[in-house]
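Undergrad: sequence and predicted structure are below.
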Amino acid sequence: MKIRRYTDIEILGLGGKIRQARKADGRSVEVLAGEAEISRSYWHDIEAERIRDALPEDTLRKIERVLGIDLGVKFDD
């Protein structure tokens with residue numbers, strides 16, 4: 001049997017860190033968003049921290065993967 005647990009954590013300034021990493025990377029939002037399997041507009045919403053609820057962890061990990069960075073987001077288990 002599977003049990004699902006949802007945990008939200010607040011990471012202040014995460015959108016800005018993603019924006020800085022994207023600019024340092026040099027690839028366009030279109031390319032990065034495509035590799036992360038999200039839309040360009042959603043990427044911009046993430047950078048601007050205009051996410052209504054919480055950013056899914058798997059989306060964050062995809063962004064980290066395409067940018068080749070670790071944003072240091074850890075969950076206490």
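TA: Here it is on my side, so go on.

Undergrad: which sections of the chain are below the confidence cut-off?
TA: Within the chain, the stretches with pLDDT under 70 are 4, 77.

Undergrad: who's in contact with E49?
TA: By C-beta atoms under 8 Å, 6 or more residues apart in numbering, E49 lies in contact with 14-15. (Glycine included, C-beta is placed from N, CA and C.)

Undergrad: can you get me a residue count around the nearest residue to I18 once chain neighbours are set aside?
TA: Leaving aside its chain neighbours, I18 sits nearest to E47 (5.4 Å; criterion: C-beta to C-beta, 6 or more residues apart in numbering). Neighbourhood size, E47 [other C-beta atoms under 10 Å]: 19.

Undergrad: same check, this time on Q20
TA: Counted with other C-beta under 10 Å, Q20 comes out at 14.

Undergrad: again, but for I69
TA: By the criterion of other C-beta under 10 Å, I69 has 16 neighbours.

Undergrad: can you check P56 too?
TA: Look at P56: counted by other C-beta under 10 Å, it has 11 neighbours.

Undergrad: what's in contact with the host helix or strand of V31?
TA: Secondary structure from DSSP states H and E places V31 in helix 29-36. With contact meaning C-beta under 8 Å, 6+ apart, helix 29-36 is reached by 22, 25, 39-40, 42-44, 59, 62-63, 65-67.

Undergrad: can you pick the most crowded of these?
TA: That'd be I63 among the contacts of helix 29-36, by other C-beta under 10 Å, with 24 neighbours.

Undergrad: okay, the angle between the helix or strand following the helix holding V31 and helix 29-36?
TA: Scanning forward in sequence from helix 29-36 by DSSP H and E, the next helix or strand is helix 40-47. Put simply, helix 40-47 runs at 90 degrees to helix 29-36, going by axes from the mean of the first three to the mean of the last three C-alpha atoms, to 10 degrees.

Undergrad: helices of the protein, start to end?
TA: 14-25, 29-36, 40-47, 57-67 (DSSP state H).

Undergrad: distance to D8 added to those helices, as CSV?
TA: Output for those, formatted as CSV (distance: least, C-beta to C-beta, whole Å):
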stretch, distance to D8
helix 14-25, 13
helix 29-36, 21
helix 40-47, 15
helix 57-67, 10
